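Asker: Quick one: sequence and predicted model below, then my questions.
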Amino acid sequence: METLLSFSAIAVGIIVGLASVGTAIGFAILGGKFLEGAARQPEMAPMLQVKMFIIAGLLDAVPMIGIVIALLFSFANPYVGLLGG
């Protein structure tokens, strides 16, 4: 039981860590590409900005799903029921 809970805690840490790092990298790429596009065509900047915010909202959904999965493993671990006899 303790081994399962400790591995679950490690998995939760990995899920949260990779979700945050992936989102940070995604935002960095998104911001860089927006700045490149706005520098190339300044008249398109307002349209690009709207699209950037839409993509940023979708990009934020990925770590939220990871947090929900991590909370599932933290508080309602589905594998604990498989151990008991």
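Answerer: Looks like it arrived, so ask away.
Asker: In the protein, which helix is the longest?
Answerer: With secondary structure taken from DSSP state H, the chain has its longest helix at helix 2-40.
Asker: other SSEs contacting that one?
Answerer: helix 45-75, helix 80-83 (3 or more C-beta pairs under 8 Å, 6 or more residues apart in numbering; DSSP states H and E). For every residue, glycine as well, the C-beta is placed using N, CA and C.
Asker: That helix to helix 45-75, inter-axis angle?
Answerer: Between helix 2-40 and helix 45-75, the angle comes out at 180 degrees (axes from the mean of the first three to the mean of the last three C-alpha atoms, to 10 degrees).
Asker: State the mean pLDDT of helix 2-40.
Answerer: Mean per-residue pLDDT for helix 2-40: 92.
Asker: So for it, what gets flagged as buried?
Answerer: Buried residues in helix 2-40, counted by 16 or more other C-beta atoms under 10 Å: 8, 12, 15-16, 19, 23, 26, 30, 34, 37-38.
Asker: can you pull the contacts of the spatially closest residue to Ser20 that is not a sequence neighbour?
Answerer: The spatial neighbour of Ser20 that comes closest, neighbours along the chain excluded (C-beta to C-beta, 6 or more residues apart in numbering), is Pro63 at 6.1 Å. Pro63 is in contact with 16, 19-20, 22-23, counting by C-beta atoms under 8 Å, 6 or more residues apart in numbering.
Asker: Contact partners for the closest residue to Phe73 other than its chain neighbours?
Answerer: Spatial nearest neighbour of Phe73, excluding adjacent residues (C-beta to C-beta, 6+ apart): Ser8 at 5.0 Å. Ser8 makes contacts with 73-74, 77, 79, as judged by C-beta under 8 Å, 6+ apart.
Asker: Can you tell me how far Ser8 is from Asn77?
Answerer: Separation of Ser8 from Asn77 (C-beta to C-beta, to the nearest Å) stands at 6 Å.
Asker: and if you look at Ala45?
Answerer: With C-beta to C-beta as the criterion, Ala45 and Asn77 are 48 Å apart.
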